[in-house]
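Trainee: Starting from these lines, generate the structure:
(one chain, ligands or ions: 1)
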Amino acid sequence: MAKKMIAGNWKMYKNNSEALRLIKQLRNRLEKNPARKSKIVICPPFTALSLAAKELASSRIELGAQNIFWEEEGAYTGEISADMVKSTGAKWTIIGHSERRQYFKEDEKVINRKIKLALKKKLKVIFCIGETLELRQQNLTKDIVTNQVEWGLKDLDPAQLKNIVTAYEPVWAIGTGKTATPDQAQEIHSFLREIIDALFGAGTGQKMTILYGGSVKPDNAEGLFSRPDIDGALVGGACLDASSFMKIIKAGEGVF
Ligand code: 13P
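Mentor: Below you'll find the predicted structure:
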């Protein structure tokens, strides 16, 4: 099995002492797991990034933020810049999560600006896309993800894609316990590779890491990971517990 990437999006959970506890538990479990095959990224809240970076020094776990602002700096009370994230030691940022799209009205243009800025500041990007239930029921899934990819990755050059991971997260599967079936996810992942090929040239789609997100749990991870175009997972709820996150990591490594 090819090397999987397992990323954890902590969302708005864990104060600093809780974050430290979870990271220590994860480190301990990983040190006992000699397989070392997968790429692991955790994305705690901004407030825990610096302490997480300190705790993860010399660990194989990489660190990411959940968002950045679209301007480099300025009078934007309450916002966090790419530079600020970078200065904590984080190497990644999530961009375009459906909760940002839904609650903070982030549109494709904003997401595209954020992706460009993250890349300029040498942050790797986990770029999230996915359709709502309503759009799926109208048979519009492929149209919507095509639009999201076209706009989100607009004006990028193919060489920049190596610093982008795409996460297909159907909105109806996020936090609902209703995972997409391996077939449903596989269909869209392989379609995404076709779109990327069409936009950036033959072969670029195959090189892209495409994660699935939406109610990934220890008991469904293996089925999802068995599909050829599912390169890993972006995990929400199940990454808040070291034991269940570890089980998902192990499913990605083919260790049970
Ligand atoms: P859940 O795993 O809780 O459904 O969340 C998925 C997600 O939104 C990851 O970004």
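Trainee: low-scoring stretches of this protein, by residue?
Mentor: By pLDDT under 70, the weakly predicted segments of the chain are 1, 34-36, 256.
Trainee: Skipping adjacent residues, who's closest to the residue in the chain that the ligand sits nearest to in space?
Mentor: Closest residue of the chain to the ligand, C-beta to the nearest ligand atom: G236 (2.1 Å). (Glycine included, C-beta is placed from N, CA and C.) Using C-beta to C-beta, 6 or more residues apart in numbering and skipping residues adjacent in sequence, the residue nearest G236 is N9, 5.4 Å away.
Trainee: same check, this time on G214
Mentor: Spatially, and ignoring its direct neighbours in sequence, G214 is nearest to A173 (2.7 Å; C-beta to C-beta, 6+ apart).
Trainee: What's the local residue count around the one you found?
Mentor: Neighbourhood size, A173 [other C-beta atoms under 10 Å]: 23.
Trainee: Just confirm it contacts A180, I think it does.
Mentor: Yes: shown here, A173 and A180 form a contact pair, counting by C-beta atoms under 8 Å, at 5.2 Å.
Trainee: hey, what's in contact with both of these two?
Mentor: Both A173 and A180 are contacted by G214, under the criterion C-beta atoms under 8 Å, 6 or more residues apart in numbering.
Trainee: Quick one: list the elements packing against the helix or strand where M84 lies.
Mentor: Here M84 is covered by helix 82-88, with elements defined by DSSP states H and E. Applying 3 or more C-beta pairs under 8 Å, 6 or more residues apart in numbering; DSSP states H and E, one finds that helix 82-88 contacts helix 49-56, strand 61-65, helix 108-120.
Trainee: redo that, cut-off 10 Å
Mentor: helix 49-56, strand 61-65, strand 92-95, helix 108-120 (3 or more C-beta pairs under 10 Å, 6 or more residues apart in numbering; DSSP states H and E).
Trainee: winner for burial among those?
Mentor: strand 92-95 (a mean of 26; mean count of other C-beta atoms under 10 Å).
Trainee: what packs against that strand?
Mentor: Checked by 3+ C-beta pairs under 10 Å, 6+ apart, strand 92-95 has strand 5-9, strand 39-43, strand 61-65, helix 82-88, helix 108-120, strand 124-129, strand 164-168 packed alongside it.
Trainee: go with 7 Å
Mentor: On a contact count with 3 or more C-beta pairs under 7 Å, 6 or more residues apart in numbering; DSSP states H and E, strand 92-95 meets strand 39-43, strand 61-65, helix 108-120, strand 124-129.
Trainee: Perfect, that will be all.
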